[in-house]
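# what follows is a predicted protein model with its sequence.
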Amino acid sequence: MEVLLVRSTVGLPLDSSRRRPFRAIHHTSSTISVCGGGTNLRPGEISLAHRGVLFLDEFTEFRRDLLESLRQPLEDGFISVSRASGSVTYPARVLLVAACNPCPCGFLGDPVEPCRCSPSAADRYRRKMSGPILDRIDLYVTVPRLTPDELVQAEGQGGESSIRVRERVLRAREVQWDRWKNLGYQCNAELPEKALRKQVRLDPDGRRFLKDVAGRIRLSGRGISRVLKVARTIADLACEESLSTVHLAEALAFREGGDLPWDR
Ligand SMILES: [Zn+2]
């Protein structure tokens, strides 16, 4: 219903497939087209992606001010657009997916092709990858080049198939829905700070472990909350009721800098 409501305000077809939205935005997009507003007040791409995926390709090419304007909605799940006549609030609970090369030439960390970038160019590029929005990104994953073997492998031979992964994800979603429905949340990610502290329990080992690592890598309060949510989801995917140090360690390994080629 929420997705259909947003679509109806911009005259998009109201298909009944119940598919979650997927919206890709380009780095040249205007802030109004992404966040909403304009003379004929309308929701932006971040609201059209509500309950679905907002995809940013070539992440390092995006303007700083545009990325800044995504911070608040990523945190709150809604966006307020102000105009002279007043302000409007649109829903904006998205799963943000961003992709970029590891360096300008794209080969940093590649086992076959050497990186051709000068240290200063690579450094400039890396600096573009920093900023407050990165604090709101939970999983960092390096996607290495596929070997010729992997490329010619038949579907399903190289690890778990997407269909099996999908089943696991749907099951984890159901578990989360069941766990939080009385509190009015759909998944771990939606849990506000207070509820998180009360509802997601750590055993003494887990608490000690998280405290140690958080101090060492200077994790912010927000960072700790996000690690807890990701760890809870990792445990849900593994169908495990209690949250252990293993889940926390995996969640921490996905944090900023956890798996980027320039940190190896
Ligand atoms: Zn390079």
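Nice, thanks for sending it over. Numbers count the residues shown, from 1 in each chain.

# state the three-state secondary structure for residue 231.
helix (DSSP: H, G, I helix; E, B strand; the rest coil).

# which residue is the nearest non-sequential neighbour of the residue most central in space within the chain?
Centroid-nearest residue in the chain: residue 96, 4.2 Å away (criterion: CA atoms, centre = their mean). Distances taken as CB to CB, 6 or more residues apart in numbering put residue 54 closest to residue 96, at 5.3 Å, once the chain neighbours are dropped. In short, each C-beta sits where N, CA and C put it, glycine included.

# need phi/psi at the one you found.
phi -110, psi 120 (degrees, to the nearest 10).

# still on that earlier bit, surely the residue nearest to the centre of the chain and residue 74 touch.
Yes - using CB atoms under 8 Å, residue 96 is in contact with residue 74, at 6.2 Å.

# so what sits against both of the two?
Residues within reach of residue 96 and of residue 74 at once, by CB atoms under 8 Å, 6 or more residues apart in numbering, are residue 136.

# how much space separates the residue nearest to residue 96 from residue 45?
For residue 54, the distance to residue 45 equals 7 Å [CB to CB, to the nearest Å].

# same thing with residue 92?
Relative to residue 45, and taking CB to CB, residue 92 is found at 10 Å.

# neighbour count for those two, which is higher?
residue 92 (27 against 20; other CB atoms under 10 Å).

# that one reaches residue 50, doesn't it?
Yes - using CB under 8 Å, residue 92 is in contact with residue 50, at 5.9 Å.

# distance from the centroid: which residue in this structure tops it?
Largest centre distance within the chain, by CA atoms, centre = their mean: residue 85, 33.5 Å.

# tell me how far that residue lies from residue 160.
Residue 85 is 52 Å from residue 160, by CB to CB.

# for residue 213, same thing?
Counting by CB to CB - residue 213 and residue 160 are separated by 28 Å.

# between these two, which one's more packed in?
residue 213 (16 against 9).

# let me see the contact set for the more buried one.
Residue 213 neighbours (CB under 8 Å, 6+ apart): 219, 248, 252.

# between those residues, which is nearest the ion?
Distance ranking of the contacts of residue 213 against the ion, using CB to the ion, places residue 252 first at 27.5 Å.
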